[in-house]
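**Student:** sequence plus predicted model, see below.
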Amino acid sequence: MFRNLYLLGSFITILFSYQASASVSASAHSAPEQQCLALAIYWEARGEGAAGMYAVGSVVVNRVSDERFPDTVCRVVKQGGESPPCQFSWWCDGKSDRPTDIASWKQAMEIADKLLHSRRYTRTRGALYFHSTAVQPRWRLKRVAKIGNHIFYI
């Protein structure tokens, strides 16, 4: 049991060490903004591969640029609070938001950094909304793309 606790503690230390080193200190965005975006990418699209992860991240970035949404990445991600309804189900599901897959977390952090620097990912055509193909909401929005297991709308 103590060995398992030691391993868990080591994993958490590695995770937070990576978070601190993964942020770019001289960048135009803050480490918290990168982490908020990376969390959204990780929890919404970690099994989608790079294209799906970029697509989901671009929706968050597109919302920051749209006057109908909050003006920072963290405010967009946390919009609606920690109890439903919220914008991103992982944020208000009551479960831990701490990533558990280090490789996917690293990829999400890298994609977040790139999206925050470029703010452009044209495959989603400016999408502001998306959902999993596993659900069928009755949205009256224009569908602009399907990437991986997500459908994107403006």
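**Tutor:** Looks like it came in fine.
**Student:** following the helix or strand of the chain with the lowest mean pLDDT, which helix or strand shows up next?
**Tutor:** For the chain, using mean pLDDT, DSSP states H and E, the weakest element among its helices and strands is helix 2-22, scoring a mean of 37. Moving toward the C-terminus from helix 2-22, the next helix or strand (DSSP states H and E) is helix 31-45.
**Student:** next SSE downstream of that following helix?
**Tutor:** In N-to-C order, the element after helix 31-45 by DSSP H and E is helix 49-64.
**Student:** which helices and strands does that following helix pack with?
**Tutor:** Here helix 49-64 touches helix 31-45, helix 73-77, helix 102-118, strand 129-132, strand 143-147, strand 150-153, going by 3 or more C-beta pairs under 8 Å, 6 or more residues apart in numbering; DSSP states H and E. Every residue, glycine included, has its C-beta placed from N, CA and C.
**Student:** that one to strand 143-147, inter-axis angle?
**Tutor:** 150 degrees (axes from the mean of the first three to the mean of the last three C-alpha atoms, to 10 degrees).
**Student:** now helix 49-64 - C-alpha only, CSV.
**Tutor:** Extracted C-alpha coordinates of helix 49-64, given in CSV (Å, rounded to 0.1, in the frame of the first residue of the first chain):
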residue,chain,number,x,y,z
GLY,A,49,-5.4,12.5,-32.1
ALA,A,50,-3.8,15.8,-33.0
ALA,A,51,-6.4,16.9,-35.5
GLY,A,52,-9.3,16.4,-33.1
MET,A,53,-7.3,18.1,-30.3
TYR,A,54,-6.5,21.1,-32.4
ALA,A,55,-10.2,21.4,-33.5
VAL,A,56,-11.5,21.3,-29.9
GLY,A,57,-8.9,23.8,-28.8
SER,A,58,-9.7,26.1,-31.6
VAL,A,59,-13.3,26.4,-30.5
VAL,A,60,-12.1,27.8,-27.1
VAL,A,61,-9.7,30.2,-28.9
ASN,A,62,-12.5,31.3,-31.3
ARG,A,63,-14.8,32.0,-28.4
VAL,A,64,-12.2,34.3,-26.8
